[in-house]
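Peer 1: sequence and predicted structure are below.
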Amino acid sequence: MKIRSLGHVVLKVRDLDVSAKFYRDILGMKEVARYKGAMAFFSLGSNHHDLGLMQLGSHAQDIDPGAIGLYHVAFKVGDSLEELRACKAHLETNGISIFGMSDHGVSQSLYIQDPDGIEIELYVDADPAIWKDDPGAVLTTKRLTL
């Protein structure tokens, strides 16, 4: 068996409408379908859906940072620091707090949270030769200033 690619991610959320608005209107994903008012599906353009949201309701427990499970979801926003700067400006214009900025050598990233506190990494890739020549380069984390 060989896995060929990551097909999609489904996130559990409290309020489907609030979360769908964030992923659609702030992150710019295309909403392609809803299922029984309990799920929404988003496509980045190449797949039928890349992200699903599943509503749990207002009773859902907060994320426990010490529990096993998802750490974050990363979305590529381009290939240049100019594109990352534009992303940063867009987030700030829309009142989205950026709680981290990192230079990973192989990529440069901004870190935000969705309405339920799920960590989202927005990144641009550096030259692929960096990690193809040295796979250990993925271990790099430095402060990024934009």
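Peer 2: Received the coordinates, thanks. Numbering: from 1, shown residues only.

Peer 1: pretty sure Ser46 is in a strand, no?
Peer 2: No: judged by DSSP: H, G, I helix; E, B strand; the rest coil, Ser46 forms no part of a strand; its state is coil.

Peer 1: read off the pLDDT value for it.
Peer 2: Ser46 carries a pLDDT value of 91.

Peer 1: just Cys87 next, same as before
Peer 2: Reported pLDDT for Cys87: 97.

Peer 1: OK, contacts around it?
Peer 2: Shown in contact with Cys87 (CB atoms under 8 Å, 6 or more residues apart in numbering): Val77, Gly78, Leu110, Leu122. (Glycine included, C-beta is placed from N, CA and C.)

Peer 1: bridge partners for the last one, pull those for me.
Peer 2: Read that as Leu122. Beta-bridge partners for Leu122, by DSSP bridges, are Phe75, Leu110.

Peer 1: renumber starting at 37 from here on
Peer 2: Right, with 37 as the first residue, what we last looked at is Leu158.

Peer 1: circling back: closest to Ser55 among the contacts of Cys123?
Peer 2: Leu158 (16.5 Å; CB to CB).

Peer 1: count the residues that sit near the closest one.
Peer 2: Counted with other CB atoms under 10 Å, residues neighbouring Leu158 total 24.

Peer 1: that one is in contact with Leu146, isn't it?
Peer 2: Yes: if you go by CB atoms under 8 Å, Leu158 and Leu146 touch, sitting 4.7 Å apart.

Peer 1: tell me, what's touching the two both at once?
Peer 2: Shared contacts of Leu158 and Leu146 (CB under 8 Å, 6+ apart): Leu120, Cys123, Leu127.

Peer 1: and for His85, the neighbour number?
Peer 2: For His85, the neighbour count with other CB under 10 Å is 19.

Peer 1: list the residues that contact the spatially closest residue to it that is not a sequence neighbour.
Peer 2: Once flanking residues are discounted, His85 sits nearest to Phe77: 4.0 Å by CB to CB, 6 or more residues apart in numbering. Contacts for Phe77 (CB under 8 Å, 6+ apart) come out as Glu67, Val68, Ala69, Arg70, Tyr71, His84, His85, Leu87, Gly88, Leu89.

Peer 1: can you flag the buried ones in the residues you listed?
Peer 2: For those, a neighbour count by 16 or more other CB atoms under 10 Å gives the buried set as Glu67, His85, Leu87, Gly88, Leu89.
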